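> sequence unknown, structure follows:
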C-alpha cells in the first residue's frame, strides 16, 4: 500500500490513519485536509499508534488550527488476523476534529 | 455526603496512573477500585503510555466489568522538565469510567 491519505476528492476521505511515520507528517495531513475545505477530519489509530494520534490532535489544535473543536473521541477493540492465522485484539481510537 | 466515597486514604484516590508495567497490572488496579466501592475510576497516562491506557479501558469494559460506562475521554498537553533543564510538551489522556 502506498502512503498518503490525501484523497481530497468527494466521497468522504477526511480520514487520516496514523502509522509509524514521523508525527509531523500526520499533523500536516490533517491541516491540509482542513485547508482544502473539509469541515471535519477523523484521526484513526490502532495499537501503539494511539499515542501518536493524541500527539497529532494536540499539535494541530495547539499550534496550527487553534479554532478547531473536538467533536468526539471514541475507543474500541478490533480483531486482527496474525500472520500465523491466529487472531488478536487490538485497541483503536477515533478522534473527530471539526471547524 | 454519602459514604460510597470510599477514598482509600487521602482525598480522592480513584486515579490509576498508567506506566510501564504490564497492562494487566493496571487492569487489576481499576477492577479492584470498582470492587472496593468506587463509583468512578480515572485512568491517566502520558506519552507512550496513552496506548496502554486505552488497552486498559477496553479490557476492563470488555472482559471484567461489562456494565461500566465511559463518562469522558479528554486529552491535553502537559509540559515536563527534562533532566537538562529544558522543557518538552507531552500529550496526556484522562479516561473516566463509571458504574
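Alright, I've got the coordinates. In this text, all values refer to a predicted model and were calculated from it rather than measured experimentally.

> where do the strands sit along chain A?
Assigned by DSSP state E, the strands in chain A fall at A:15-17, A:40-46, A:69-81, A:87-98.

> Quickly compare those and say which is most buried.
Ranked by mean neighbour count under mean count of other Cβ atoms under 10 Å in any protein chain shown, these are led by strand A:40-46, which reaches a mean of 21. For every residue, glycine as well, the C-beta is placed using N, CA and C.

> That strand pairs with which strands?
Next to strand A:40-46 in the sheet, as set by DSSP bridges, lie strand A:15-17 (parallel), strand A:87-98 (antiparallel).

> The residue positioned nearest the centre of chain A: what's it in contact with?
Residue closest to the average C-alpha location in chain A (Cα atoms, centre = their mean): residue A:43, at 2.2 Å. Contacts were defined as Cβ atoms under 8 Å, 6 or more residues apart in numbering or on different chains; by that measure residue A:43 touches A:15-16, A:18, A:26, A:30, A:53, A:56-57, A:93-97.

> same check, this time on residue A:65
Applying Cβ under 8 Å, 6+ apart, the residues near residue A:65 are A:31, A:34.

> Please tell me how far it sits from residue B:94.
23 Å (Cβ to Cβ, to the nearest Å).

> and what of residue A:38?
28 Å.

> Against residue B:33, how distant is the residue lying farthest from the centre of chain A?
Relative to the centre of chain A, the most outlying C-alpha is that of residue A:84, 28.0 Å out, by Cα atoms, centre = their mean. Residue A:84 sits at a distance of 37 Å from residue B:33 (criterion: Cβ to Cβ).

> Kindly report the same for residue A:61.
31 Å.

> Settle it for me: which of those two has more neighbours?
The neighbour count for residue A:61 versus residue B:33, taken as other Cβ atoms under 10 Å in any protein chain shown, is higher for residue B:33 (21 against 18).

> Quick check: closest non-adjacent residue to the more buried one.
residue B:41 (4.8 Å; Cβ to Cβ, 6 or more residues apart in numbering or on different chains).

> residues from chain A in reach of chain B?
For chain A, the residues found near chain B under the criterion Cβ under 8 Å from any Cβ of the partner chain are A:47-51, A:54-55, A:57-58, A:62, A:70, A:73-77, A:89, A:91-93, A:95.

> repeat that with 10 Å
A:23, A:45-59, A:61-63, A:70, A:72-78, A:89-93, A:95 (Cβ under 10 Å from any Cβ of the partner chain).

> Point out where chain A drops to low pLDDT.
Regions of chain A meeting the criterion pLDDT under 70 cover residues A:1-12.

> mind running it again at 50?
In the prediction, chain A carries residues with pLDDT under 50 at positions A:1-10.

> buried stuff in the helix ranked longest in chain A?
Counting residues, the longest helix in chain A under DSSP state H turns out to be helix A:23-35. Within helix A:23-35, the residues that count as buried by 16 or more other Cβ atoms under 10 Å in any protein chain shown are A:23, A:26, A:27, A:28, A:29, A:30, A:31, A:32, A:33, A:34.
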